[in-house]
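Q: the following comprises the amino acid sequence and a computationally predicted model.
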Amino acid sequence: MLKAVILIGGPQKGTRFRPLSFEVPKPLFPVAGVPMLQHHIEACAKVPNMKEILLIGFYQPNEELTRFLVNAQQEFKISIRYLQEYAALGTGGGIYHFRDQIVSGSPEAFFVLNADVSSAFPLTEMLSFQKEHGEPNSFVILGTTANRTQSLNYGCIVENEETNEVLHYVEKPSTFVSDIINCGIYLFNPDIFQHIGTVFQKNQQDMLLEEPTNGWHRAEAIRLEQDIFTALAGQGKLYVYKTLSFWSQIKSAGSAIYASRLYLNQYHKTHPERLAVNKEGGPKISGKIHKPSVLGPNVSIGTGVTIGAGVRVRESVILHGANLQDHCCVLNSIVGWDSTIGKWARVEGTPSDPNPNDPYAKIDSETLFRDGKLTPSITILGCNVTIPSEVIILNSIVLPHKDLNRGFKNQIIL
Ligand SMILES: Nc1nc2c(ncn2[C@@H]2O[C@H](COP(=O)(O)OP(=O)(O)O[C@H]3O[C@H](CO)[C@@H](O)[C@H](O)[C@@H]3O)[C@@H](O)[C@H]2O)c(=O)[nH]1
């Protein structure tokens with residue numbers, strides 16, 4: 001029997017997602033029309049013999065999360081539970097803290113997935129790889145290739161090219177180590193807890209030797225990457241399965257639009273019913289869309305959205321209840337819940353897509369500011385924002401409930 005754990009983190013971590021994360025926890029933000037996490041859950045539920053999915057994080061359970069869990073359990077007919085950490089315990093500390101829940105029922109193996117990635121999730125392939133390669137109780141990291149410069153933003157893996165054993169692991173190195181990067185998707189078995197346990201014991205001893213500190217939970221804060229993988233590399237225990245299928249991180253709102261595009265491409269095969277097509281009997285788009293409007297490519301429209309005549313939308317996410325009035329234009333933007341864009345207004349952002357001429361390029365999740373200036377990025381309208389008619393909003397972030405009276409360029413409107 002198998003299980004899966006999804007690491008959903010907690011509120012402090014979603015800062016590059018503001019102001020969208022004010023309304024909805026980042027893991028529930030819609031990517032390609034469904035909550036980010038649903039893609040993980042769908043992939044896990046498809047794996048034969050999968051018995052349970054555990055979400056581990058330090059969000060306070062709220063109505064939105066509970067509703068999502070109840071709906072997902074019904075839709076995917078699998079047990080899904082949320083386990084809340086008492087503090088941020090890191091990527092290894094959370095699974096260690098809840099190890100009894102994970103090993104209950106004696107799963108022979110379990111997946112661990114970072115919530116903030118989009119992927120084709122080749123989980124069954126990882127299982128077959130584990131059976132064919134490596135020692136019976138070895139662990140598998142999903143890897144992909146990045147270009148040299150961007151590899152520094154990820155965990156980097158040096159492998160034995162014949163056996164795929166991980167010989168060397170460095171988390172976000174400062175100089176080039178390898179172009180194989182960690183995708184944040186792992187296949188473990190209960191043996192992993194012995195390794196995490198050793199680090200926990202050591203942390204506890206170190207703490208006893210130190211001056212009393214304020215973080216009493218520090219021994220339990222353990223990072224899989226730096227504390228576990230680095231030590232396991234070269235021990236014949238850790239292997240890398242390299243995928244050629246799509247994979248991208250979702251750190252910023254801009255990368256959510258890019259991830260939507262990746263999933264929408266996949267929907268042609270996996271979920272054609274979720275795609276709008278221009279034909280009789282095609283999927284019904286909720287909301288009122290007038291004929292001369294042009295939507296796409298890569299546009300997701302939430303429920304209850306109203307779109308007037310002659311509207312143009314591309315590379316954007318329109319969240320539920322928004323109202324796009326006649327002839328407005330929305331490019332590379334996220335339009336928040338219940339926001340209104342006036343007639344002939346133009347809301348535009350700058351995409352941060354990976355270089356299309358480099359097959360190994362990844363999306364750069366830029367910081368908000370560079371050299372004291374706002375980095376041009378997609379435009380984000382928080383919820384319930386009103387943009388007047390005939391103005392231009394360019395590369396800006398508008399906080400919720402703003403009623404703008406003119407156009408803005410390269411600004412955060414508080
Ligand atoms: N439960 C829990 N989850 C956490 C915690 N800290 C982080 N997470 C979750 O763990 C995932 C990794 O988050 P980060 O710690 O921010 O790491 P990162 O910069 O995304 O890098 C990781 O992912 C890359 C791939 O996207 C890897 O390349 C890299 O090696 C590393 O694993 C995210 O889904 C985040 O929500 C924690 O204390 N508790």
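A: Yep, that arrived.
Q: drop to CA atoms for contacts and neighbour counts, all remaining ones
A: Fine.
Q: what parts of the stretch 201-350 of the chain come near the ligand?
A: When proximity is defined as C-alpha under 6 Å from any ligand atom, the stretch 201-350 of the chain approaches the ligand at 225, 249.
Q: now the stretch 201-350 of the chain against the ligand: closest residue?
A: Residue nearest to the ligand within the stretch 201-350 of the chain: Gln249 (5.0 Å; C-alpha to the nearest ligand atom).
Q: now the helices for the stretch 251-400 of the chain?
A: Shown for the stretch 251-400 of the chain, the helices assigned by DSSP state H, counting those that start in this stretch span residues 253-270.
Q: output the below-cut-off pLDDT ranges for it.
A: 277-291, 365-366 (pLDDT under 70).
Q: wait, doesn't the residue of the stretch 201-350 of the chain closest to the ligand sit right on Leu113?
A: No - between Gln249 and Leu113 there is no contact under C-alpha atoms under 8 Å: 12.0 Å.
Q: spit out the residues that contact the two alike.
A: Shared contacts of Gln249 and Leu113, defined by C-alpha atoms under 8 Å, 6 or more residues apart in numbering, are absent.
Q: that older thread, and the residue of the stretch 201-350 of the chain closest to the ligand, how many neighbours?
A: By the criterion of other C-alpha atoms under 10 Å, Gln249 has 22 neighbours.
Q: list the beta-bridge partners for it.
A: Val117 (DSSP bridges).
Q: swap in Ile6?
A: Leu55, Leu113.
Q: what sits against it?
A: Ile6 is in contact with 40, 53-56, 112-115, counting by C-alpha under 8 Å, 6+ apart.
Q: how about Gly94?
A: When contacts are counted by C-alpha under 8 Å, 6+ apart, Gly94 is found next to 56-57, 85, 88, 221.
Q: could these go into TSV alongside distance to Ala361, pLDDT and neighbour count?
A: Below are the contacts of Gly94 laid out as TSV (distance: C-alpha to C-alpha, whole Å; pLDDT from 0 to 100; neighbours: other C-alpha atoms under 10 Å):
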residue	distance to Ala361	pLDDT	neighbour count
Ile56	30	98	23
Gly57	30	97	26
Glu85	35	96	20
Ala88	31	93	22
Ala221	32	93	22
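Q: need the contact list for the residue of the stretch 201-350 of the chain closest to the ligand.
A: By C-alpha under 8 Å, 6+ apart, the residues touching Gln249 are 116-118, 255, 259, 363.
Q: can you lay out those as a markdown table showing neighbour count?
A: As requested, these are exported to a markdown table (neighbours: other C-alpha atoms under 10 Å):
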| residue | neighbour count |
| --- | --- |
| Asp116 | 23 |
| Val117 | 23 |
| Ser118 | 25 |
| Ser255 | 27 |
| Ala259 | 25 |
| Ile363 | 20 |
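Q: any chance of these in CSV, with distance to Leu7 too?
A: Output for the contacts of Gln249, formatted as CSV (distance: C-alpha to C-alpha, whole Å):
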residue, distance to Leu7
Asp116, 9
Val117, 11
Ser118, 13
Ser255, 19
Ala259, 18
Ile363, 21
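Q: tell me how many other residues crowd Leu209.
A: Neighbours of Leu209 using other C-alpha under 10 Å come to 8.
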